[in-house]
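[1] coordinates only, no sequence provided:
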């Protein structure tokens, strides 16, 4: 066996084990109460709110998930169209895996990305571990296929993160009050980020120009 072939086999083997790790149940966290509309945003050294601007905070599924990719692309697009709102994405995949994933899904544009590999921010915002039904129910699996077929967004290799971590999104006004909240009921339950912007008083423009992502 050549050194090149051996290297390819080693990388494939490493990728298999990383994919397998993403299916393991992660260490349980003490999850805070559900963050509801009208409450104050939880404060953290890593996510300081309020920060003087209305903020849209999106907690992603693992890097590699097609639903995380579609959500992030939508957030990046809005960060360009609605500059008056601070857009933040939280990733629980490792910094290395997240940095590798971001260019593949179109780049960050004006989104600030916060790495929360230990899932402490997720827990503080009331986002815990999901059930098996949440991640792999028949409709969700069908929507994985539909998203790939209709929009060209397929599963990518999962190098870090957990498939069981619940995702969510929150609109926070300049005073730190939650004005809109979405906690995913299933893995394919993606947030309506335009509705979040509207809740902050910043409705996205309804022009028909093509997204920069559409031709990638």
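    Received it, and whenever you're ready, just let me know what you need. Only a predicted model underlies this, so the values are computations on that prediction, with no experimental measurement involved. Numbers count the residues shown, from 1 in each chain.

[2] hmm, residue 123 and residue 166 touching each other?
    No. Contact criterion C-beta atoms under 8 Å: residue 166 and residue 123 do not qualify, at 10.2 Å. Using the backbone N, CA and C atoms, a C-beta is placed for each residue, glycine as well.

[3] which of the two has more neighbours?
    Set residue 166 next to residue 123 and count neighbours by other C-beta atoms under 10 Å: residue 166 wins out with 25 against 19.

[4] low-confidence stretches in this protein?
    Judged against pLDDT under 70, the low-scoring parts of the chain cover residues 1-24, 207-216.

[5] and the spatially most central residue of it, what is it in contact with?
    Nearest residue to the geometric centre of the chain (C-alpha atoms, centre = their mean): residue 60, 1.7 Å. Going by C-beta atoms under 8 Å, 6 or more residues apart in numbering, residue 60 touches 68, 71-72, 89-92, 167.

[6] what about it, distance to residue 100?
    Distance, residue 60 to residue 100, by C-beta to C-beta, to the nearest Å: 14 Å.

[7] repeat for residue 147
    From residue 147 to residue 100 the distance is 21 Å (C-beta to C-beta).

[8] what does residue 111 give?
    In this view, residue 111 and residue 100 are 16 Å apart by C-beta to C-beta.

[9] so these two - more neighbours on which side?
    Neighbours per residue (other C-beta under 10 Å) separate residue 111 from residue 100, with residue 111 holding more: 20 against 17.

[10] run through who's touching the host helix or strand of residue 182.
    Per DSSP states H and E, residue 182 falls inside strand 178-183. For strand 178-183, contacts defined as C-beta under 8 Å, 6+ apart pick out 34-41, 126-127, 166, 168-173, 191-192, 195-196, 199-200.
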